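In: Everything below, folded, please.
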Amino acid sequence: MRLYHILILPFLILLASCSSSSGEDKGSFTLPTQVDMKSYNEGQKLYTNYCKQCHQDKGQGAPPTFPPLAKSDYLMADRARAACIIKNGSEGPITVNGQEYRLKMVGHNDLTAQQIADILTFVTNSWGNEGGTMKREDVVKALEGCGK
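Out: Prediction:
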């Protein structure tokens, strides 16, 4: 019986350490539990190709020219608006985390609704943002309402 306890104890310790994981990524953000990882990973690739040049590696932006996406009150307040901005661009001043930005953002009208959903899933779940998965059908609906 003692041998059984000696063999099972390391297993129980290992099991307990795995189940108490905080879910934190080794990077600078934590993923919420309800994120479609396929969409998130695809969004990360698309972000690198379409967004990173202005909004930077960690979504910090380049104030006062390019607004941050990291912990961005503007981004997280209205993801439908964000979908419209990705597709159609934006012009005019916006205020992000209390700072005004005036630079025009060009749209990416070559992106599909799914690609926009993937980008939004990535950026709204990175760098301190927690937004869950953005679905293709939500983007389609948002894009129908752009400019209204």
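In: where along this structure do the strands fall?
Out: Counting by DSSP state E, the chain has these strands, from start to end: 94-96, 99-101.
In: Show me which residues of the first one are buried.
Out: If you call a residue buried by 16 or more other Cβ atoms under 10 Å, then strand 94-96 has these buried ones: 94, 96. Quick note: C-beta positions are derived from backbone N, CA and C, even for glycine.
In: Show me the contact partners of it.
Out: 61, 67-68, 72-75, 100-101 (Cβ atoms under 8 Å, 6 or more residues apart in numbering).
In: Could you turn the buried ones of those into a PyMOL selection?
Out: Buried residues among those (16+ other Cβ under 10 Å), as a PyMOL selection:
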select buried, resi 61+67+68+72+74+75+101
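In: Reformat the contacts of strand 94-96 as TSV; add distance to Ile94 and pLDDT.
Out: Shown next, in TSV, are these (distance: Cβ to Cβ, whole Å; pLDDT from 0 to 100):
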residue	distance to Ile94	pLDDT
Gly61	12	93
Pro67	7	94
Pro68	12	96
Ser72	10	95
Asp73	11	96
Tyr74	6	95
Leu75	10	95
Glu100	7	93
Tyr101	5	92
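In: Next, the contact list for the residue lying closest to Gly89 once chain neighbours are set aside, please.
Out: Closest residue in space to Gly89, ignoring its immediate chain neighbours: Gly107 at 3.4 Å, by Cβ to Cβ, 6 or more residues apart in numbering. With contacts defined as Cβ under 8 Å, 6+ apart, Gly107 is in contact with 85-89.
In: cool, and Ile86?
Out: Residues counted as contacts of Ile86 (Cβ under 8 Å, 6+ apart) are 107-108, 111, 116, 119-120.
In: Only whichever of the residues you listed are buried, select them in ChimeraX.
Out: Applying 16+ other Cβ under 10 Å to the contacts of Ile86, the buried members can be selected in ChimeraX as follows:
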select :108,111,116,119,120
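In: Cool, thanks, signing off.
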